[in-house]
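**Q** Give me a 3D structure for the following:
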Amino acid sequence: MFVMTDEGSSIDPTKPSIARVYDYLLGGKDNYLVDREVGDVFKRDLPGSVAIAFANRAALTRAVREIATTTDVRQFIDLGSGLPTADNVHQVAQRHAQESRVVYVDIDPQVLVHGRALLEENDRTRVVPADVRNPEDVRTHPDTLELIDFDRPVAVIFSAILHHVNDEEDPAGIVRYWRDHVPSGSYFFVSHFRSGSNPETAEAEGVLQQTFGRGRWRTDEEIESLLDGLEILDPGIVPASLWRRDVVDSPWDSSGERELTVWERLIAAGLARKA
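**A** Sure thing, here's the model as predicted:
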């Protein structure tokens, strides 16, 4: 059985989707049995690993709030945005700066279906069906150009997407493209699986590689190198739960002042600026 979208592409409920597995781990309902089976591997065999998804989501909301409240940037491009959940980028940004405009980018058919609902309720939001590995297609898409003024600074969001880009697909080149095509004063948020050189890292990476053929854990130094040519702002590349932990702006925030678990340390975050 295939579920057809308006674009003519199809949702195959017999094959797991990274976006739907992530939705399931965050407690969402937009997933199928095959996605829950993959998610349950993490829940059952890697207890505590679900904290990665929550830590990542909390850091994203803090980053968007930081940009919306401390800079003049009012346009965001969320690359590999995934399924809508609580505190999407446009909701956080517009909560603090109502005029903010957001372009979501994804190729998952189900993400596109749900993204259309965002368009119905918000005229400052667009959803672009494109592959983040082809940044030129994203930047020149009519919906992107309708909403984003590339003569003004842009916030480019790489939330939990670059670790799904294999080394041979040149993740650094993707960031470099955007660095070279946005003006000074633009911001880049990155969250990324963080290698812990431990059994947990190896097990989680193995599950993703076996299921999707992608999912690459990288060291702090490798993640930092993805932002080459940009000014990495304090506190640098750190575990996502520690990134600007003093700012609590989301229901996903739960780490407080306690010691992080090994799983919470396996997702890093950082914010950079183009000088």
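
**Q** now for the one helix or strand residue 42 maps to, which elements pack on it?
**A** Element membership of residue 42, judged by DSSP states H and E, is helix 33-45. For helix 33-45, the elements it packs on are helix 18-25, helix 199-212, judged by 3 or more Cβ pairs under 8 Å, 6 or more residues apart in numbering; DSSP states H and E. The C-beta positions use only the backbone N, C-alpha and C, and glycine is treated the same way.

**Q** Just put those in JSON lines and tack on distance to residue 168, mean pLDDT and mean neighbour count.
**A** Shown next, in JSON lines, are those (distance: least, Cβ to Cβ, whole Å; pLDDT from 0 to 100; neighbours: other Cβ atoms under 10 Å):
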{"stretch": "helix 18-25", "distance to residue 168": "18", "mean pLDDT": "78", "mean neighbour count": "24"}
{"stretch": "helix 199-212", "distance to residue 168": "14", "mean pLDDT": "77", "mean neighbour count": "16"}
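
**Q** Dump these to a markdown table, plus distance to residue 63.
**A** Converted to a markdown table, these look like this (distance: least, Cβ to Cβ, whole Å):
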| stretch | distance to residue 63 |
| --- | --- |
| helix 18-25 | 18 |
| helix 199-212 | 23 |
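
**Q** Among those helices, which comes closest to residue 116?
**A** Of all those, it is helix 18-25 that lies closest to residue 116, at 15.0 Å by Cβ to Cβ.

**Q** ok and that closest one relative to helix 33-45, angle-wise?
**A** Relative orientation of helix 18-25 versus helix 33-45 (axes from the mean of the first three to the mean of the last three Cα atoms, to 10 degrees): 50 degrees.

**Q** Output helix 18-25 as PDB, nothing but the C-alphas.
**A** Backbone C-alpha positions of helix 18-25 (Å, rounded to 0.1, in the frame of the first residue of the first chain) are rendered in PDB as follows:
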ATOM      1  CA  ILE A  18      14.300   8.700   9.500                       C
ATOM      2  CA  ALA A  19      11.800  11.600  10.000                       C
ATOM      3  CA  ARG A  20       9.000   9.200  11.200                       C
ATOM      4  CA  VAL A  21      11.300   7.300  13.600                       C
ATOM      5  CA  TYR A  22      12.400  10.600  15.100                       C
ATOM      6  CA  ASP A  23       8.800  11.600  15.400                       C
ATOM      7  CA  TYR A  24       8.000   8.400  17.300                       C
ATOM      8  CA  LEU A  25      11.000   8.900  19.700                       C
END
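
**Q** Report all helices and strands that it contacts.
**A** By 3+ Cβ pairs under 8 Å, 6+ apart, helix 18-25 packs against helix 33-45, helix 109-121.

**Q** In terms of secondary structure, what does the last one contact?
**A** If you count contacts as 3+ Cβ pairs under 8 Å, 6+ apart, helix 109-121 packs onto strand 10-11, helix 18-25, strand 101-106, strand 125-129.

**Q** how close does the residue nearest to residue 39 when sequence neighbours are not counted get to residue 167?
**A** Nearest residue to residue 39, sequence neighbours excluded (Cβ to Cβ, 6 or more residues apart in numbering): residue 24, at 4.2 Å. Distance, residue 24 to residue 167, using Cβ to Cβ, to the nearest Å: 27 Å.

**Q** contacting residues around stretch 169-185?
**A** 71-73, 77, 132-133, 135-136, 139, 150-154, 156, 158, 162, 165, 188, 190, 225-230, 273-275 (Cβ atoms under 8 Å, 6 or more residues apart in numbering).

**Q** who does the residue nearest the centre of the chain bridge with?
**A** Centrality entry for the chain: nearest residue to the mean C-alpha point is residue 159, 2.2 Å, by Cα atoms, centre = their mean. Going by DSSP bridges, residue 159 is paired in beta bridges with residue 191.

**Q** remind me which residues of the stretch 101-250 of the chain are low pLDDT?
**A** 118-120, 213, 247-250 (pLDDT under 70).

**Q** following the helix holding residue 42, which helix or strand comes up?
**A** Taking DSSP H and E, what comes next after helix 33-45 is helix 51-70.

**Q** Can you point out the buried residues in that following helix?
**A** By 16 or more other Cβ atoms under 10 Å, the buried positions in helix 51-70 come out as 51-68.

**Q** Stretch 99-118 now?
**A** Here stretch 99-118 shows 100-115, 118 as buried, counting by 16+ other Cβ under 10 Å.

**Q** what residues does stretch 13-24 touch?
**A** Here stretch 13-24 has contacts from 1-3, 29-39, 53, 82-83, 85, 106, 108, 110-111, 160, 164, 211-212, using Cβ under 8 Å, 6+ apart.
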